[in-house]
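J.: prediction below, plus the sequence it came from.
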Amino acid sequence: MEDNGIKKELLVQIRTIAAQNGVKKVILFGSRARGDHNRTSDIDLAVSGGNAAGFAADIEEETATLLEYDIVDLAKPVNKELIESIKKEGKVLYEKI
């Protein structure tokens, strides 16, 4: 996987919170997925299944980073162009098996 600028510890926290909220899949998209981010770029996450609202709240409260999150719940209506972008450049960070 290309360098997305996200520390390993933070990735572990994201995966743990996803599992705790019954989330089926977490996809990284945007500049961090493309590899053209800078150190202050936000973390764009698309979430599928489970308690997406709980996941979003827990991510904001429980992760050890000053970076901003932009979380998209794929169960809700999402802009067609954004969906295509997520499909094209997205990197799966977590998937429930």
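T.: Yep, that arrived. Numbers count the residues shown, from 1 in each chain.

J.: low-confidence ranges, the protein, go.
T.: For the chain, the stretches flagged by pLDDT under 70 are 1-2.

J.: tell me where it has helices.
T.: 8-20, 31-34, 52-62, 80-89 (DSSP state H).

J.: for the last one, name the packing helices and strands.
T.: Judged by 3 or more Cβ pairs under 8 Å, 6 or more residues apart in numbering; DSSP states H and E, helix 80-89 is in contact with strand 25-29. Where you see a C-beta, it was placed from the backbone N, CA and C, and this is true even at glycine.

J.: ok, the strand it packs on: who's next to it in the sheet?
T.: Next to strand 25-29 in the sheet, as set by DSSP bridges, lie strand 43-48 (antiparallel), strand 91-95 (antiparallel).

J.: just the terminal-to-terminal distance for stretch 85-97.
T.: Counting by Cα to Cα, to the nearest Å, you get 24 Å between the two ends of stretch 85-97.

J.: run the chain-centre distance for that stretch.
T.: In terms of Cα atoms, centre = their mean, to the nearest Å, the centre of stretch 85-97 is set 8 Å apart from its chain centre.

J.: buried sites along it?
T.: Buried residues in stretch 85-97, counted by 16 or more other Cβ atoms under 10 Å: 85-86, 89-90, 93-94.

J.: please identify the deepest-packed of the helices of the chain.
T.: By mean neighbour count, with neighbours taken as mean count of other Cβ atoms under 10 Å, helix 31-34 ranks first of the helices of the chain at a mean of 20.

J.: what's near enough to touch Ile27?
T.: 33, 45-48, 86, 90-93 (Cβ atoms under 8 Å, 6 or more residues apart in numbering).

J.: for the most centrally placed residue in the chain, list each beta-bridge partner.
T.: Among the residues of the chain, the one closest to the centroid is Leu45, at 2.4 Å (Cα atoms, centre = their mean). Beta-bridge partners for Leu45, by DSSP bridges, are Leu28, Ile71.
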